[in-house]
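Asker: Only the shape, not the letters, is given here:
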């Protein structure tokens with residue numbers, strides 16, 4: 001009878017050790033998975049909440065935008081502001097200081113679906129989308145990380161910068177309407193807002 005108890009105790013001890021080892025392996029696997037998780041994947045996994053649960057984006061210019069993500073690229077996110085007729089705002093990841101969301105959303109984004117953000121847009125860079133705005137001759141508003149804003153039409157976009165012809169919002173890009181020109185590095189941008197109703201995807 002004592003031997004039975006002895007073997008039962010050994011079996012329980014072995015099961016406990018295996019359970020502890022499996023828990024340690026699961027913890028290590030989870031750390032490894034999280035170490036490979038990119039911000040792009042987490043942003044792509046965000047739901048589109050409304051009201052008090054809406055996501056707020058804190059940007060390098062000091063502003064906070066309450067908006068739902070409507071597209072995520074390789075290094076940018078497209079946001080649709082909750083205000084009426086606000087249009088779509090393109091924000092490079094480098095301009096994001098913080099993202100305020102509920103704890104359940106925060107935890108949900110840490111376990112994104114395998115397919116979250118894996119479409120064609122996930123391979124489009126910020127420069128690619130800006131060059132599409134050039135092709136469309138779209139009027140835009142730019143906000144620099146310094147807090148300075150400008151409006152106009154982007155004439156051309158290089159690998160890491162753009163040229164903008166400055167003019168008043170709502171006016172066409174005509175020589176007589178242009179008030180100046182600027183070359184702006186992408187790294188200096190907090191956001192780019194396309195004219196209302198323009199799809200950037």
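Answerer: Alright, I've got the coordinates. Not measured: the values here are computed from a predicted model. Residues are numbered from 1 along each chain as shown.
Asker: measure the residue most central in space within the chain to residue 60 for me?
Answerer: A centroid search over the chain (CA atoms, centre = their mean) returns residue 77, at 4.0 Å, as the residue closest to the centre. Distance, residue 77 to residue 60, using CB to CB, to the nearest Å: 14 Å. For glycine as for every other residue, the C-beta is placed from the backbone atoms N, C-alpha and C.
Asker: So for the two, which residues contact both of them?
Answerer: Both residue 77 and residue 60 are in contact with residue 96, where contact means CB atoms under 8 Å, 6 or more residues apart in numbering.
Asker: In this structure residue 168 contacts residue 177, no?
Answerer: Yes. Residue 168 is within contact range of residue 177, at 7.1 Å (criterion: CB atoms under 8 Å).
Asker: what residues are shared contacts of the two?
Answerer: Joint contacts of residue 168 and residue 177 (CB under 8 Å, 6+ apart) do not exist.
Asker: and residue 155, what element?
Answerer: Counting by DSSP states H and E, the element that carries residue 155 is strand 149-157.
Asker: Spatially nearest residue to residue 123 (excluding sequence neighbours)?
Answerer: residue 74 (5.8 Å; CB to CB, 6 or more residues apart in numbering).
Asker: Just list the residues touching the one you found, thanks.
Answerer: Each residue near residue 74 by CB under 8 Å, 6+ apart is listed here: 40, 122, 123, 124, 125, 126.
Asker: pLDDT value on the fourth one, please?
Answerer: Here the pLDDT value assigned to residue 124 is 89.
Asker: can you pull the contacts of the closest residue to it other than its chain neighbours?
Answerer: Nearest residue to residue 124, sequence neighbours excluded (CB to CB, 6+ apart): residue 73, at 4.4 Å. By CB under 8 Å, 6+ apart, the contact list for residue 73 reads 40, 121, 122, 123, 124, 125, 126, 128, 129.
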